[in-house]
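Enquirer: here you go, sequence then predicted model.
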Amino acid sequence: MSDTQGRGSTSPLPGGDTFPPPTALAEAANVGADAYERAAADRLGFWADAARRLEWAQQWDEVLDWSNPPFAKWFVGGKLNVAVNCVDRHVAAGHGEQVAYHWVGEPGDTRTITYAQLQDAVCQAANALTSLGVQAGDRVAVYLPMIPEAVVTMLACARIGAVHMVVFGGFSSDALASRITDADAKVVVTADGGYRRGAPSALKPAVDEALTKLGDAVRSVLVVRRTGGDVEWTEGRDVWWHELVDAQPTTHAAQAFDAEHPLYIMYTSGTTAKPKGILHTSGGYLTQVAWSHHAVFDLKPDTDVYWTAADVGWVTGHSYIVYGPLANRATSVMYEGTPETPHRGRWWEIVQEYGVTVLYTAPTTIRTFMKWGDDVPAGFDLSSLRLLGSVGEPINPEAWLWYHANIGGGRCPVVDTWWQTETGGHMITPLPGVTATKPGSAQVPLPGISARVVDEAGEPIEPGATGYLVLTEPWPSMLRTIWGDDDRYVDTYWSRYGKTVYFAGDGAKLDEDGDIWLLGRVDDVMNVSGHRISTTEVESALVSHPTVAEAAVVGATDATTGQGIVAFVILRGNAVDSGDELVAELRQHVRKEIGPIASPRQIMVVAELPKTRSGKIMRRLLRDVAENRELGDVTTLTDSSVMDLIGAKLPGTP
Ligand code: WT7
């Protein structure tokens, strides 16, 4: 098939309807159907237009240099300053009084930060980092909770051309140490702690511990005081933020950097134990995250209140809490804590209080809200919402429909955005003013993006078939390499189908309309008796049963069928666990939804599922349980006791 294009499809899917864009939204949408035509006719011209939404100190000579694939250069010869684009130019244009962030702390404290205040803070932090000897190209490790200083630090790095390397605050000191070493960072920015689940949670001790292992590799540790808890102090190395940064001048002359100047490194796990340092650069990255944020969230800077409910420690936070929204002069909400603190309606209270119009979150969170019940969001006024987004994993139609009805009041389009740490920005997603949305499908590549679903041999598959998702042209916000490891970059992403085809590692299916359905990581696709079955498809079938709140499915080695399907399910609050009877009913339900081949060999009712700190279900561990193996590494689990609970369910375990 040819590259898919956005279009208002009307053909219904098995078990579901499509939702056309609301008329008023479509009429006023930032981006219409013509964008697909423009990009199809002149892809590089389209991206050059997108780049012109930014302020360049020097115009580029060439949009794309792809003469040495897979090493791309975008906007060659162009120069810009990313922080100036995110902050200063809005202040210069008279928007200094506009709120950049409504920040909400978990304990209930709040801060309102205007663009003018953000500019002052970023200049002060830039001056402070410079005073610590940080120069353009140096790496700065950032290990902070969800507080405004995280954004300020990232922008201060960008302003002086330093490369930030943010490590999610939930990672251990070991994970932090290995990343600091790999990136060779000389300065760490951290806090005494942050608030999580109603209590202060210390961060500085993890930094101290990490640095003990690293000798004197790190020169300075800049520490924000957030909780006021006691901290150990290393004289000559540790510096308080409020002493150093607050004393700096609020002006700083920003220099423009090359479009390909490194902006940040973000580590992500691969198939080996060593995480991959994904490198993003400046001009192309900012172009695509700004354009996609403008197009996919239809962001209106004067009226929208935008909220990405994620952590800045992940790529979602980098692209859609910090760079995309700020480049578009958005007013954002930023929330420090967890959704259930101090009560399960906290998010909806925030939406009501700030009049949030656009909300972006992950399916796992949506399913948690489903589990908590419809009555929680129903207790708040959510009428300000006009657009909802989903990211992180395939969203099962059941969760999509629940989100659409219970959060979006049936009136908000739901954009299911497929992308990765490596892609930097959205790649496959509906456009809210153009595409008739289809619950469960990310649907079509954005204008300017070329995606296909191919078979083992790299040939495009027929509608109805299943294959691998690939990207067939470079895109502006693509990773440029794996930090310090060009070979691994080539091997991991650009070898399977040749040097110009990006292998995403996701399975995908095309439907009769040519819409793309993501099926999860390729290693999560099971093979049962020679039939390829997605763990996601079976999970989706299970959660469509009225008793099931959440499900995780793994393929366990089976002597007869190759793999057998093992399902772990969490029941909804009001459901009764009738034991064997329920299991039989669920099996029957999956047979009905997908077919006998997908009927799980084993179904276990559990209280919790093991998840990484980013909310991904750790199927690897469940596979270990299903195959009666000793448990593998559980260090990235949110709560390792979950595995004890699940293990206790197994026959033959004490
Ligand atoms: C992997 C990337 C993108 C930021 C957060 C995760 C899965 C992500 C979707 C979606 C189906 C999705 C893929 C992808 N994924 N979004 N809308 N539909 N799958 O970033 O940690 O780099 O993970 O998340 O499997 O490869 P990440």
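Expert: Received it, and whenever you're ready, just let me know what you need.
Enquirer: find the nearest non-adjacent residue to the residue in the stretch 101-250 of the chain that the ligand sits nearest to, please.
Expert: For the stretch 101-250 of the chain and the ligand, the shortest gap (C-beta to the nearest ligand atom) falls at Phe168, measuring 10.8 Å. C-beta: built from backbone N, CA, C; applies to glycine. Leaving aside its sequence neighbours, Phe168 sits nearest to Gly313 (C-beta to C-beta, 6 or more residues apart in numbering; 3.1 Å).
Enquirer: Val391 too?
Expert: Leaving aside its sequence neighbours, Val391 sits nearest to Thr417 (C-beta to C-beta, 6+ apart; 4.9 Å).
Enquirer: dump the residue contacts of that neighbour.
Expert: By C-beta atoms under 8 Å, 6 or more residues apart in numbering, Thr417 lies in contact with 296, 389-391, 426, 428-429, 442.
Enquirer: and the gap between the residue lying closest to Val76 once chain neighbours are set aside and Phe75?
Expert: Closest residue to Val76 apart from its sequence neighbours, by C-beta to C-beta, 6+ apart: Glu62 at 4.3 Å. Per C-beta to C-beta, to the nearest Å, Glu62 is found 8 Å from Phe75.
Enquirer: so between the two, which is more surrounded?
Expert: For the pair Glu62 and Phe75, the greater number of neighbours falls to Phe75 (30 against 13), based on other C-beta atoms under 10 Å.
Enquirer: state the three-state secondary structure for that one.
Expert: Under the three-state scheme (DSSP: H, G, I helix; E, B strand; the rest coil), Phe75 adopts strand.
Enquirer: residues touching it, list them.
Expert: Counting by C-beta under 8 Å, 6+ apart, Phe75 makes contact with 51, 60, 62-63, 259-260, 283-284, 287, 476.
Enquirer: so which of those is the closest to the ligand?
Expert: Looking across those and measuring by C-beta to the nearest ligand atom, the closest to the ligand is Pro476, at 16.3 Å.
Enquirer: that closest one: how many residues sit nearby?
Expert: Using other C-beta under 10 Å, Pro476 is surrounded by 29 other residues.
Enquirer: that one touches Trp66, doesn't it?
Expert: No: using C-beta atoms under 8 Å, Pro476 makes no contact with Trp66, being 11.9 Å away.
Enquirer: residue contacts, Asn544?
Expert: One correction, residue 544 is Ser, not Asn. Taking C-beta under 8 Å, 6+ apart, we find Ser544 in contact with 396-398, 589, 593.
Enquirer: one more pass at 6 Å, please.
Expert: Residues near Ser544 by C-beta atoms under 6 Å, 6 or more residues apart in numbering: Glu398.
Enquirer: pull up the per-residue confidence for it.
Expert: Note on Ser544: pLDDT of 90.
Enquirer: do you know how far it is from His242?
Expert: 52 Å.
Enquirer: on that earlier part again, which pair of the contacts of Phe75 spans the longest distance?
Expert: Spatial extent of the contacts of Phe75 (C-beta to C-beta) is set by the pair Glu62 and Thr287 at 14.3 Å.
Enquirer: Trp291: helix or strand, and which one exactly?
Expert: According to DSSP states H and E, Trp291 maps onto helix 283-296.
Enquirer: helices or strands up against that helix?
Expert: helix 43-51, helix 324-327 (3 or more C-beta pairs under 6 Å, 6 or more residues apart in numbering; DSSP states H and E).
Enquirer: identify whichever of the ones you listed lies nearest to the ligand.
Expert: Closest of those to the ligand is helix 324-327, at 12.4 Å (criterion: C-beta to the nearest ligand atom).
Enquirer: so where does the closest residue to Ser534 other than its chain neighbours fall, helix or strand?
Expert: In space, and not counting its chain neighbours, Ser534 is closest to Leu519: 3.8 Å by C-beta to C-beta, 6+ apart. Element membership for Leu519 (DSSP H and E) is strand 516-521.
Enquirer: enumerate the residues of this protein near the ligand.
Expert: Residues of the chain lying close to the ligand (C-beta under 6 Å from any ligand atom) are 268, 315-316, 391-394, 416-421, 442, 504-506, 518, 520-521.
Enquirer: with distance to Ile617 and secondary structure added, can I get the contacts of Thr417 in a markdown table?
Expert: Output for these, formatted as a markdown table (distance: C-beta to C-beta, whole Å; DSSP: H, G, I helix; E, B strand; the rest coil):
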| residue | distance to Ile617 | secondary structure |
| --- | --- | --- |
| Val296 | 25 | helix |
| Gly389 | 20 | strand |
| Ser390 | 16 | strand |
| Val391 | 15 | coil |
| His426 | 23 | coil |
| Ile428 | 21 | strand |
| Thr429 | 22 | coil |
| Ala442 | 19 | coil |
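Enquirer: show me where the stretch 51-200 of the chain has its helices.
Expert: For the stretch 51-200 of the chain, the helices defined by DSSP state H, counting those that start in this stretch cover 82-83, 89-90, 115-131, 148-160, 173-183.
Enquirer: if we can go back for a sec, what is the strand holding Leu519 packed up against?
Expert: strand 502-510, helix 535-543.
Enquirer: how about Ala24, secondary structure?
Expert: Per three-state DSSP, Ala24 ends up helix.
Enquirer: give me the neighbour count for it.
Expert: 11.
Enquirer: would you mind measuring from it to Leu387?
Expert: Here the criterion is C-beta to C-beta. By it, Ala24 lies 12 Å from Leu387.
Enquirer: before we move on, what about Trp56?
Expert: Taken as C-beta to C-beta, the span from Trp56 to Leu387 is 30 Å.
Enquirer: between those two, which one's more packed in?
Expert: Leu387 (24 against 17).
Enquirer: beta partners for that one?
Expert: Beta-bridge partners of Leu387, counted by DSSP bridges, are Val358.
Enquirer: does it really touch Val358, like I thought?
Expert: Yes: using C-beta atoms under 6 Å, Leu387 is in contact with Val358, at 4.6 Å.
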